[in-house]
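Asks: Sequence and computational prediction follow.
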Amino acid sequence: MAENQKTKKAKAVGINHIALEVGDIDEAMAFYSSFIDFKIERQSKTAAFVYFGDQFINFALGRNQGPDERRHFGIAVDDKELARETLENMGITFLDGRFLDFLDPWGNRVEITTYTNIQFSKTDHVLKGMGLSHLAKTEDALAELKKKGMAP
């Protein structure tokens, strides 16, 4: 193939979902629903599908590896300080670092971030459907999007 020819590839649009391994589905639903509000679409003894608007986490039975060190996933919330307070009241120990990270009971590393402060964006109609149409991106988040030609 000539060097100036590019192979056509599909463009990544975003993350539709993640699969998260836990030791017990009922316990995972109780734990996660203690600090965030979400909709359980389906649940069985071996799996649960939890929706955050147009994205979801597939909780799957079967975590058997040790605790995550750097590997993690982030959940964007409307009120990070409320999440922090709730987690503190639950007795959660936060990990060292500049982020609001902790390990769930099965060793999955979770980072809580504020939706308005990050580039990640939901469409207006999805936010409205989630009851979150009042959320507006900060100037810093908009500046990051503008650099990429993704905001006016």
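Replies: Thanks, I have the structure now.

Asks: Now do the strands in the chain.
Replies: Using DSSP state E, the strands found in the chain span residues 17-22, 39-43, 47-52, 55-61, 73-77, 100-103, 109-114.

Asks: What strands flank the last one, and is each parallel or antiparallel?
Replies: Here the strand partners of strand 109-114, with direction, are listed using DSSP bridges: strand 73-77 (parallel), strand 100-103 (antiparallel).

Asks: where in this structure is pLDDT low?
Replies: The model of the chain has pLDDT under 70 over residues 1-4.

Asks: Going along the chain, name the helices of it.
Replies: Taking DSSP state H as the criterion, the chain contains helices spanning 25-33, 80-89, 124-129, 139-147.

Asks: check contacts around Asp54.
Replies: Residues in contact with Asp54 (Cβ atoms under 8 Å, 6 or more residues apart in numbering) are Lys122, Val126. (C-beta placed from N, C-alpha, C; glycine too.)

Asks: looking at the strands paired with strand 109-114, which is buried most?
Replies: Highest mean neighbour count among the strands paired with strand 109-114 (mean count of other Cβ atoms under 10 Å): strand 100-103, with a mean of 18.
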